[in-house]
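Chemist: Build me a model from this:
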Amino acid sequence: MTAVKTLVVAGGYLIGVGLILLSGLELCRAVPNKSLEGYWLSDGYGDFADVKGDRIQVYEITSMSCIESHALMRKPGDSRGDRFVVDEDSDPVFVTPGPTDDSRWFHIADAASSVLFNRTQFRPKPCESKTPNDPETNFEVFWRTFAAHHGFLKYRGMDWQAAYKTYRPRVTATTKPEDLFDILSAMIEPLHDAHTYIRAEDLKRSFHGKRPGTWELTDEETRKTVEIIQKNYLEGPLRTWCNGHVRYARLKQNAGYLRIDAFWGYAPGNHFDDGARALDEALDEAMKDAQQLRGLVIDVRRNGGGSDPYGVQVAGRLTDKPYIAFVKRARDAADDPDRWTAPQPTTVRVSDRPRFLKQVVELIGPDTVSAGETFSMALMGRQPHITRIGENTQGVYSDVLTRHLPNGWRFGLPNEVFLTEGGKHFEATGVPPDIRVPVFPKHDLEQERDTALEKALEVLSKDYH
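Modeler: You can find the predicted model right below:
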């Protein structure tokens, strides 16, 4: 996923500690103080943090709302900074000194960047009273959150002010919850953004965006693709690690086949550090074996995302020199969609564990999503060049900023951009392949073939000679 941002992890998904300094909020001058005690506003994202003793209460704010989100409690320290957790099952949030006495970095291990919080003297005006729970307020909170945080409204062809004029008159004080859900879903559906969603547990309903024209494999079709590869292309059975998300075997043509179907869920409880250790153990075995072969195929065609650092961890096994994986920024002003936070680059570092430095081919497609796509970006700077084969990836990169409405519904949206070192992004369009080959079209499944994998082996054969 490229994770979900709000400085807390729930059910394996980051849920949000960001905050955008919204126009209309009354922000006060900073108070010099080295203590964490007090009020804090984040740079970009959308949260206000109230720190009292060992407890941090986080609120999600807009220019007219303030909704209690989650609380963090201080726990015994860690070399990475002051350690806070939501509960014993959540990954920690690390708080470290910022560039001034009145700023702090908040970081979650499974995020590729940190969030800068700045001290403020008073609570924001919207937090002086409880945000009403009525249809009109719920609509306003939803609309204003997208206006302040979504990084690509215009890029995805959406006139958000026009959407307001269209849909706001449909919401009144007596609008039923079911109708409100339909209105909110209809308003964001044209974004075709797989990192947007709405979940209404009380209604047992949910909506998720998706790029049109992409074909997602069903679970049955996915199982069949594995059977086809196993039967026709592999020398032996796939070895499995990380709860089945990472698999490896030798191909019959003297190359390795590394299949990564997710960048999360690697260890019980989905704790990031445990998952990183499990991934290292898997890569140790795969890389040791692959070192004896002429090439390596990495298959992320069915990768639904997860934690971006895991992808960077894999990239570190494929290089003998460090390079920039990607650069990350977040929306930084509600009234200026072109203003972003300071760039935070992520570096692929050379691993001191077993590595593979020969020719690599990556298989990608529309089911390569989020962290699967940032992984593809993390391979772009590797030398020799890694050839991408397949179809464009889904086109969603940002950690999902999860928010709440006063009625308890959750919704998510992307507020960050992932850039190459040269400043290019692939939002909406997806990372393109170097060689375009359909990803498991119907005739491939019927004929029990994998033409993309065959093309990969052809490329490795040419490079080898």
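
Chemist: Phi and psi next, for the nearest residue to residue 341 once chain neighbours are set aside.
Modeler: For residue 341, ignoring the flanking residues on the chain, the nearest one in space by C-beta to C-beta, 6 or more residues apart in numbering is residue 44 at 4.1 Å. Every C-beta, even on glycine, is put in place using the N, C-alpha and C of the backbone. For residue 44, the backbone dihedrals are phi 80, psi 160 (criterion: degrees, to the nearest 10).

Chemist: Now do the strands in the stretch 51-200 of the chain.
Modeler: Along the stretch 51-200 of the chain, counting by DSSP state E, counting those that start in this stretch, strands occupy 55-62, 65-78, 81-85, 93-97, 103-108, 115-120, 197-200.

Chemist: Format these as CSV; extra columns: distance to residue 259.
Modeler: Below are the strands of the stretch 51-200 of the chain laid out as CSV (distance: least, C-beta to C-beta, whole Å):
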stretch, distance to residue 259
strand 55-62, 38
strand 65-78, 33
strand 81-85, 33
strand 93-97, 32
strand 103-108, 27
strand 115-120, 33
strand 197-200, 27
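
Chemist: Take those and write them to TSV, including mean neighbour count, distance to residue 37 and mean pLDDT.
Modeler: Below are the strands of the stretch 51-200 of the chain laid out as TSV (neighbours: other C-beta atoms under 10 Å; distance: least, C-beta to C-beta, whole Å; pLDDT from 0 to 100):
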stretch	mean neighbour count	distance to residue 37	mean pLDDT
strand 55-62	23	10	97
strand 65-78	17	12	92
strand 81-85	19	12	91
strand 93-97	19	12	95
strand 103-108	22	12	96
strand 115-120	24	10	97
strand 197-200	19	35	98
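
Chemist: what about the residue lying closest to residue 54 once chain neighbours are set aside, distance to residue 271?
Modeler: Leaving aside its sequence neighbours, residue 54 sits nearest to residue 74 (C-beta to C-beta, 6+ apart; 3.7 Å). According to C-beta to C-beta, to the nearest Å, residue 74 and residue 271 sit 18 Å apart.

Chemist: ok, now residue 261?
Modeler: Counting by C-beta to C-beta, the gap from residue 261 to residue 271 is 19 Å.

Chemist: Ok, residue 132 next?
Modeler: Distance from residue 132 to residue 271, counting by C-beta to C-beta: 38 Å.

Chemist: Comparing the two, which residue is more hemmed in?
Modeler: Applying other C-beta atoms under 10 Å to residue 132 and residue 271 shows that residue 271 carries more neighbours, namely 19 against 12.

Chemist: Quick one: residues contacting the more buried one.
Modeler: Residues in contact with residue 271 (C-beta atoms under 8 Å, 6 or more residues apart in numbering) are residue 91.

Chemist: per-residue confidence at it?
Modeler: Residue 271 is assigned a predicted lDDT (pLDDT) of 93.

Chemist: And it, its phi and psi?
Modeler: phi -70, psi 140.

Chemist: same thing with residue 314?
Modeler: phi -70, psi -40.

Chemist: quick one: contacts for it?
Modeler: Residue 314 is in contact with 260, 279, 283, 298, 375, 378, counting by C-beta under 8 Å, 6+ apart.

Chemist: and the third one, how many neighbours does it have?
Modeler: As a burial measure, residue 283 scores 27 neighbours (other C-beta under 10 Å).

Chemist: Give me the spatial nearest neighbour of residue 236, chain neighbours excluded.
Modeler: Distance criterion C-beta to C-beta, 6+ apart; nearest residue to residue 236, sequence neighbours excluded, is residue 249 at 5.7 Å.

Chemist: which residues of the stretch 1-150 of the chain fall in helices?
Modeler: 135-149 (DSSP state H, counting those that start in this stretch).

Chemist: What residues does the residue nearest to residue 308 when sequence neighbours are not counted make contact with?
Modeler: Counting by C-beta to C-beta, 6+ apart, residue 112 is the residue found nearest to residue 308 once chain neighbours are left out, at 4.0 Å. Neighbouring residues of residue 112 by C-beta under 8 Å, 6+ apart: 2, 308, 309, 312, 326, 328, 344, 346, 374.

Chemist: From residue 94, how far off is residue 112?
Modeler: For residue 112 relative to residue 94 (C-beta to C-beta), the value is 14 Å.

Chemist: what do you get for residue 356?
Modeler: As judged by C-beta to C-beta, residue 356 and residue 94 stand 32 Å apart.

Chemist: where are the low-confidence patches of the stretch 351-465 of the chain?
Modeler: Across the stretch 351-465 of the chain, the ranges flagged by pLDDT under 70 are 463-465.

Chemist: swap the cut-off to 50 and go again
Modeler: 464-465 (pLDDT under 50).

Chemist: the helices in it, which residues?
Modeler: For the stretch 351-465 of the chain, the helices defined by DSSP H, counting those that start in this stretch cover 371-378, 442-447, 451-464.

Chemist: Of those helices, which stretch is the most buried?
Modeler: helix 371-378 (a mean of 29; mean count of other C-beta atoms under 10 Å).

Chemist: List the contacts of it.
Modeler: Contacting residues not belonging to helix 371-378 are listed as 1-3, 112, 260, 263-264, 300, 303-308, 310-312, 314-315, 325-326, 346, 348, 362, 364, 368, 388, 393-397, 418, 420, 426, 430-431 [C-beta under 8 Å, 6+ apart].

Chemist: and the residue nearest to residue 236, what are its phi and psi?
Modeler: The phi/psi pair for residue 249 (degrees, to the nearest 10) reads phi -160, psi 170.

Chemist: Wait, it touches residue 234, no?
Modeler: Yes - distance between residue 249 and residue 234: 4.6 Å, which falls inside the contact criterion (C-beta atoms under 8 Å).

Chemist: which residues do the two both contact?
Modeler: residue 257.

Chemist: what about the two, which has more around it?
Modeler: The residue with more neighbours, out of residue 249 and residue 234, is residue 249; 21 against 16, by other C-beta under 10 Å.

Chemist: so how far is residue 437 from the more buried one?
Modeler: Plainly put, residue 249 is 21 Å away from residue 437 if you go by C-beta to C-beta.

Chemist: can you check residue 101 too?
Modeler: Taken as C-beta to C-beta, the span from residue 101 to residue 437 is 55 Å.

Chemist: More neighbours: the two, which one.
Modeler: Per other C-beta under 10 Å, whichever of residue 101 and residue 437 has more neighbours is residue 437, with 19 against 14.

Chemist: residues in contact with that one?
Modeler: The contact partners of residue 437, taken as C-beta under 8 Å, 6+ apart, are 389, 390, 391, 451, 452, 455.

Chemist: try residue 279
Modeler: Neighbour list for residue 279: 241, 242, 246, 266, 310, 313, 314 [criterion: C-beta under 8 Å, 6+ apart].

Chemist: Tell me the pLDDT of the fourth one.
Modeler: According to the predicted model, the pLDDT of residue 266 comes to 97.

Chemist: Lovely, talk soon.
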